[in-house]
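Asker: Show me the folded form of this:
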Amino acid sequence: MIVYKGYFVWMNEDTLYFDVASRAQYQLKTLQNSRNLAVFDSSLQRDRRGTCHILNGGCEEICLPVENGRRCECDIGLKLQPDQSCDSDLLSSNFILVTDYSHGRILQIDLQIGTVAKLPLSVDKPTGLAFDKSLKKLYFSDNSTHTIRSTTLHTENTTVFFTPGFAYAASIAIDYSTGNLYYSAVGLTASQSYIGVLHRATTMHKTLFNNLDVPKDIALCSSQGYLFWTEVGIKGKIGRATMDGTSRNYITTTGIEMPNGLTVDFTSNRLFWTDGLLNRIESSDFNGGNRQVLAYDSDALINDIVVHGQYLYYTAWHRQKIIKMNKRTGSKVQFMSDHPEFGRLDSLDIYADEFRDVNPSCSERNGLCSTFCFPTSTGRICGCQDNINLQPDQLTCEGVVRCQTQQYNLNFTDCLPYPGHSCNFKCNPGYRLVMNTTVSCGPAGQWIPSTETLCDERGSTPEASKTDMAYTYMNAGLAAVGTLVVATVIVGIACLMKRTINARSFSERPSLNISNEMPSTLGARGYTSPEEHYHTIDPFYDTMHDGYNEPTRNPYLVLLESEEGAMQ
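Answerer: Take a look at the predicted model:
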């Protein structure tokens, strides 16, 4: 017992009792098997600052003062690294994801041995959660920000996917026929509480129905076109509708108080749900008939539930672990130990196999719908976002954005050119495939990736390849001819320059001092007298011809000799 400021506090098993002078008594549930009590009052606590006070002691998460300094610790699900940071070893398959609302975290539980890892994610009040098996992407809702966000397991590219407005998303479910997200939204009033659906590729939104009394969990059976939901307001109940929001009715309204969790067992075509007030797990067929109580868990306040194989897994606000149970016998199976670090565990989802419940009417080419394809029990029905009508063809929404299908370099095959749709293509004759991929129509009506990058102008057929080869040889021949022409021009220019230089050299050479008795015929032929221009031999000219054995011949003398022969 502790006496503190007029309070008498004592503990009995897992409950704290508070008595005050007015004789009023309060109770508070606490940890099981607790033994000691202590009181902390900041006004009475001495201010003893140590190494943890400055920059958290260099620790990323928890800094604990010790006698000789400090010790770093990590939150549950994280491991201390050599640099005093915290990290986790996340699994890629065979795991459960669960939200811890109290501590603002999302945890990953090993489906085989129950070990815990924490996702490195910043979230305040996580509520709904769903893991997309196809994209390996996590969707979760945050009560504090009224947002639905998406991320990977390692939390790369965490983005706000949608903002419901004044409401928050309590639960999320994925239709694997289309990839669209269904969610239950809890508002301040019944008119603000509704079930909605989001187009995965464009985030277009459609409200299916509203005026709900605190909607809680939702579950889908796409193969049969059913949407199930629970309400936990003044009176608990379970409803069913087709996935376009029509044919709405309540299938369970009696003997039920607080249906917090709901899941579909596809192998037995049965619904399993939890009742947090009655603390039991119950099941029925899809019409609400053939009800069976499977198990009780006293004082647990059971919350969410999922099914995998022959087992059920559920959370409870008064349980600090996930409980595993045989879905046929209701007997519990040892799975994981208690974790005092856990807070209020809410939503669950499992990734352990590649099974996906789909409706082929929507999974193939989106059912030919431009925007929403809603599975039904008899096939499918197309739908549009809020405040947009469906055109008379019952396929296309008014004003829907289209991607241009007439392309100069390729031809689309089996294609719906609407945002969020993927198309196959073939390169047109005379074009060659550059990137072997599908192309998607973007929200703004643009192809992703750009069609200009998919096929180039070199061609992809054998005839086009031969033409390409001919062009290659022709270009090589033209290049060779061009090179020859250039070389010829260069040689010609070089020869011309050489002749010009030689001519200048002859015109500038000094005289060989020919005798004055040169025949008069030279003058008659137009040659000037040697005395006028040639007097001495330039020493430089002699130097150039040193060592040359052939005697230098004067052209004038040669000309003279030829003339003499002519005279004879």
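Asker: Okay, now the unreliable bits of the protein?
Answerer: 21-24, 459-487, 489-568 (pLDDT under 70).
Asker: For it, which segments count as helices?
Answerer: With helices called from DSSP state H, the chain shows them at 360-363, 462-508, 521-524, 530-533, 539-544, 555-567.
Asker: got the contact list for the spatially closest residue to residue 209 that is not a sequence neighbour?
Answerer: Using CB to CB, 6 or more residues apart in numbering and skipping the chain neighbours, the partner closest in space to residue 209 is residue 245 (4.9 Å). Backbone N, C-alpha and C define where each C-beta goes, glycine included. Going by CB atoms under 8 Å, 6 or more residues apart in numbering, residue 245 touches 195, 207-209, 227.
Asker: Neighbour-wise, give me the winner out of those residues.
Answerer: The residue in these with the most neighbours, by other CB atoms under 10 Å, is residue 227 (27 neighbours).
Asker: so what's that residue up against?
Answerer: Per CB under 8 Å, 6+ apart, neighbours of residue 227: 182, 195, 208, 218-220, 240-243, 245.
Asker: beta partners for it?
Answerer: Per DSSP bridges, the residues bridged to residue 227 are residue 220, residue 241.
Asker: how close does it get to residue 376?
Answerer: Taking CB to CB, to the nearest Å as the criterion, residue 227 is separated from residue 376 by 10 Å.
Asker: what touches both of those two?
Answerer: 242-243.
Asker: quick one: buried residues of stretch 13-27?
Answerer: Residues of stretch 13-27 classed as buried by neighbour count (16 or more other CB atoms under 10 Å): residue 16.
Asker: follow-up on the earlier one: can you pick the most crowded of the contacts of residue 227?
Answerer: Going by other CB under 10 Å, residue 243 tops these with 31 neighbours.
Asker: Could you list which residues are in contact with residue 61?
Answerer: Residue 61 touches 72-75, 78, 86, counting by CB under 8 Å, 6+ apart.
Asker: 7 Å instead, please
Answerer: Counting by CB atoms under 7 Å, 6 or more residues apart in numbering, residue 61 touches 73-75, 86.
Asker: of those, closest to residue 272?
Answerer: Checking the contacts of residue 61 against residue 272 with CB to CB, the nearest one is residue 75 at 31.9 Å.
Asker: Can you tell me, leaving aside adjacent residues, what's nearest to the closest one?
Answerer: residue 61 (5.6 Å).
Asker: sorry, back to before: could you redo the contacts of residue 245 as TSV and give each row distance to residue 149?
Answerer: Compiled in TSV, the contacts of residue 245 are given as follows (distance: CB to CB, whole Å):
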residue	distance to residue 149
195	20
207	20
208	22
209	25
227	23
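Asker: Could you identify the pair within the residues you listed that is furthest apart?
Answerer: Pairwise distances across the contacts of residue 245 (CB to CB) peak at 13.1 Å, for the pair 207 and 227.
Asker: Need the distance between the two termini of stretch 37-44.
Answerer: With CA to CA, to the nearest Å applied, stretch 37-44 spans 17 Å between its terminal residues.
Asker: Stretch 386-400 too?
Answerer: So stretch 386-400: terminal residues 13 Å apart, CA to CA.
Asker: gap between that stretch and the chain center?
Answerer: Computed by CA atoms, centre = their mean, to the nearest Å, the chain-centroid distance of stretch 386-400 equals 30 Å.
Asker: Return the member of the contacts of residue 227 nearest to residue 450.
Answerer: Residue 450 lies nearest to residue 182 out of the contacts of residue 227, by CB to CB, at 33.1 Å.
Asker: so that closest one makes contact with residue 197?
Answerer: Yes. Under the criterion of CB atoms under 7 Å, residue 182 makes contact with residue 197 at 5.1 Å.
Asker: related to what we said a few turns ago, looking at the contacts of residue 245, which are in strands?
Answerer: Counting by DSSP state E, the contacts of residue 245 place 195, 207-209, 227 in strands.
Asker: Buried ones among the contacts of residue 61?
Answerer: 74, 86.
Asker: Next, check the contacts of residue 61 against the strands and list the overlap.
Answerer: Counting by DSSP E, these contribute 73, 86 to strands.
Asker: could I get the contacts of residue 61 as TSV with distance to residue 214?
Answerer: Formatted as TSV, the contacts of residue 61 follow (distance: CB to CB, whole Å):
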residue	distance to residue 214
73	39
74	37
75	32
86	37
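Asker: quick one: which of the contacts of residue 61 is nearest residue 280?
Answerer: Of all the contacts of residue 61, residue 75 has the smallest distance to residue 280: 33.1 Å, by CB to CB.
Asker: Any buried residues in stretch 125-133, and which?
Answerer: Buried residues in stretch 125-133 (16+ other CB under 10 Å): 126-133.
Asker: actually stretch 42-59, not the one I wrote
Answerer: In stretch 42-59, counting by 16+ other CB under 10 Å, buried: 51-52, 57, 59.
Asker: Next, give me the two most distant ones among these.
Answerer: For these, the maximum inter-member distance is 9.7 Å, found between 51 and 59 (CB to CB).
Asker: what touches both of the two?
Answerer: With CB under 7 Å, 6+ apart, residue 51 and residue 59 have no common neighbours.
Asker: Residue 138 is in contact with residue 151, correct?
Answerer: Yes. Residue 151 lies in contact with residue 138 (CB under 7 Å); the separation is 5.4 Å.
Asker: The two: who's more crowded?
Answerer: A direct count of neighbours by other CB under 10 Å for residue 151 and residue 138 places residue 138 higher, at 23 against 20.
Asker: if I pick the more buried one, what's in contact with it?
Answerer: 97, 131, 150-153.
Asker: Mind telling me the two of the contacts of residue 227 farthest from one another?
Answerer: Distance extremes for those: the farthest pair is 219 and 245 at 15.2 Å, using CB to CB.
Asker: Could you report the separation of the residue most central in space within the chain from residue 149?
Answerer: In the chain, the C-alpha nearest the mean C-alpha coordinate belongs to residue 157, at 6.4 Å (CA atoms, centre = their mean). As for residue 157, its distance to residue 149 is 11 Å (criterion: CB to CB).
Asker: Ok, residue 54 next?
Answerer: According to CB to CB, residue 54 and residue 149 sit 34 Å apart.
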